[in-house]
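# Sharing a model that was predicted from the sequence below.
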Amino acid sequence: IQVIRHIRPKYACRACEGVEGDGPTVKTASMPPQIIPQGIVTPGLLAHVAVAKYADALPLYRQEDQFARLGLDVSRGTLAGWMIRAAKACEPLIAMIIAEIRSGPIVNMDETTVQVLAEPGRANTTKSFMWVAQGGTPGKPVVLFRYHPTRAGSVAADILGDFQGYLQTDGYSGYEALGEREGLRHLGCLAHVRRKFVEVEKSAGKKAKGGTTHAVLDLIGKLYGVEHQAEKQRLDPEQIKALRAEKSRLILDKLKALLDARVTTTPPKSLLGKAIGYALKQWGRLVVYLEDGRLRPDNNLAENAIRPFAVGRKNWLFSGHPRGADASAAIYSLIETAKANGLEPYRYLRHLFEHLPTATTDAQRKALLPQYIDPKRLIIPA
């Protein structure tokens with residue numbers, strides 16, 4: 001930790017003393033543009049605090065203790081204020097991420113719970129939600145986090161806006177509110193289907209071997225085997241589509257026939273019956289990935305994007321105020337987008353916080369988005 005002094009000379013014109021005029025007779029050199037105007041925090045320290053909390057899951061009160069051991073009196077309230085003001089400064093970039101989500105061909109979406117203490121009109125124990133959407137231009141992915149007090153399907157509709165393309169989600173009923181509107185093709189998640197049968201297998205133990213559950217999981221394993229083959233051979237989307245038509249379609253037909261045969265003989269309220277019912281209810285969306293080689297059979301992209309938030313939640317437990325939750329969503333969006341584009345989070349945020357104050361046009365701000373930055377530019381000065 002070091003103190004950086006900005007020496008600001010003052011200049012006076014002795015010939016101007018006592019002369020009536022509009023301008024001041026003493027002029028002081030202006031401060032360099034700052035991410036937090038008139039704040040004491042530098043871009044490097046601000047990036048450090050943000051990455052420690054949002055990438056490394058280190059709560060602000062622990063960072064407060066770390067600073068105290070270094071002899072610095074920086075309260076968690078001050079740290080929280082820095083995060084909120086930094087997120088506020090980054091709002092134009094978040095708007096651009098939303099626009100890119102809506103313009104891309106594929107969006108993966110998921111949500112998870114978060115506790116916010118000072119939510120107006122709600123008890124502190126009420127669960128709120130953090131939503132995540134991943135999409136954007138192929139090869140330049142963006143990740144958007146959005147805080148909202150509810151899990152209503154209208155939140156997903158608001159995030160998507162006028163998006164047209166493929167939307168992949170789990171089977172949560174809230175996504176049904178989106179309907180099958182023109183230009184929107186809804187995909188299901190094969191991983192969620194598999195998990196339900198894995199639960200059946202765990203509960204049944206050795207009894208599950210050789211039964212329906214084992215047969216379903218074996219067929220799903222073969223479907224993923226086709227995906228591994230495509231990845232290993234580095235096939236392009238058209239080649240992947242052809243491979244799936246040749247191999248995956250036959251496996252899916254066998255899986256559907258097995259589910260149809262067992263649904264009538266399995267108690268619907270049993271674990272196996274619920275797993276079969278879920279798979280059949282989702283079937284129309286589970287097979288959509290055969291249509292386009294750019295699609296995946298599962299929604300793991302969104303789940304992987306939201307995992308760092310879930311890990312952080314185990315450490316910091318809650319947000320004190322909706323402003324803090326909104327700030328968290330903004331900074332998570334930037335960090336996870338940086339990671340998705342192969343950037344190291346601290347180097348990216350430091351670069352962003354250094355250059356954003358001088359970015360005055362949309363073109364300059366867009367150039368600061370993670371997907372448009374060359375990693376070689378993110379060099380930490382000596």
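Now that the structure is in, tell me what you want to look at. Numbering: from 1, shown residues only.

# in this structure, which helix or strand is least confident?
Least confident helix or strand of the chain, by mean pLDDT, DSSP states H and E, is strand 26-28 with a mean of 83.

# mind listing what that one pairs with, with the direction of each?
strand 10-12 (antiparallel) (DSSP bridges).

# List the buried residues of the strand it pairs with.
Buried residues in strand 10-12, defined by neighbour count with 16 or more other C-beta atoms under 10 Å: none. (Glycine included, C-beta is placed from N, CA and C.)

# Then stretch 258-275?
Leu258, Leu259, Arg262, Thr266, Leu271, Leu272, Gly273, Lys274, Ala275.

# quick one: which of those is nearest to Arg185?
When these are ranked by distance to Arg185 (C-beta to C-beta), Leu259 comes first, at 22.7 Å.

# for that closest one, what are its contacts?
Under the criterion of C-beta atoms under 8 Å, 6 or more residues apart in numbering, the contact list for Leu259 reads Val216, Ile276, Ala279, Leu280, Trp283.

# With neighbour count as extra columns, can I get those residues in JSON lines?
As requested, those are exported to JSON lines (neighbours: other C-beta atoms under 10 Å):
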{"residue": "Val216", "neighbour count": "25"}
{"residue": "Ile276", "neighbour count": "27"}
{"residue": "Ala279", "neighbour count": "25"}
{"residue": "Leu280", "neighbour count": "16"}
{"residue": "Trp283", "neighbour count": "16"}
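
# need those residues in JSON lines with secondary structure and distance to Trp131, can you?
Listed next are those as JSON lines, based on DSSP: H, G, I helix; E, B strand; the rest coil; distance: C-beta to C-beta, whole Å:
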{"residue": "Val216", "secondary structure": "helix", "distance to Trp131": "30"}
{"residue": "Ile276", "secondary structure": "helix", "distance to Trp131": "29"}
{"residue": "Ala279", "secondary structure": "helix", "distance to Trp131": "25"}
{"residue": "Leu280", "secondary structure": "helix", "distance to Trp131": "27"}
{"residue": "Trp283", "secondary structure": "helix", "distance to Trp131": "26"}
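
# ok, so of the residues you listed, who is nearest Arg102?
The shortest separation between Arg102 and any of those is 28.2 Å, and it belongs to Trp283 (by C-beta to C-beta).

# Tell me the spacing between the closest one and Lys196.
In this structure, Trp283 and Lys196 are 14 Å apart, going by C-beta to C-beta, to the nearest Å.

# who touches the least confident helix or strand of the chain?
In contact with strand 26-28 (C-beta under 8 Å, 6+ apart) are residues Arg8, Pro9, Lys10, Tyr11, Ala12.

# of all those residues, which comes closest to Asn299?
Using C-beta to C-beta, Arg8 is the member of these that lies nearest Asn299, at 53.2 Å.

# Now do the helices in the stretch 51-200 of the chain.
Per DSSP state H, counting those that start in this stretch, the stretch 51-200 of the chain has helices spanning 60-69, 76-89, 91-103, 153-160, 190-204. These are given in chain order.
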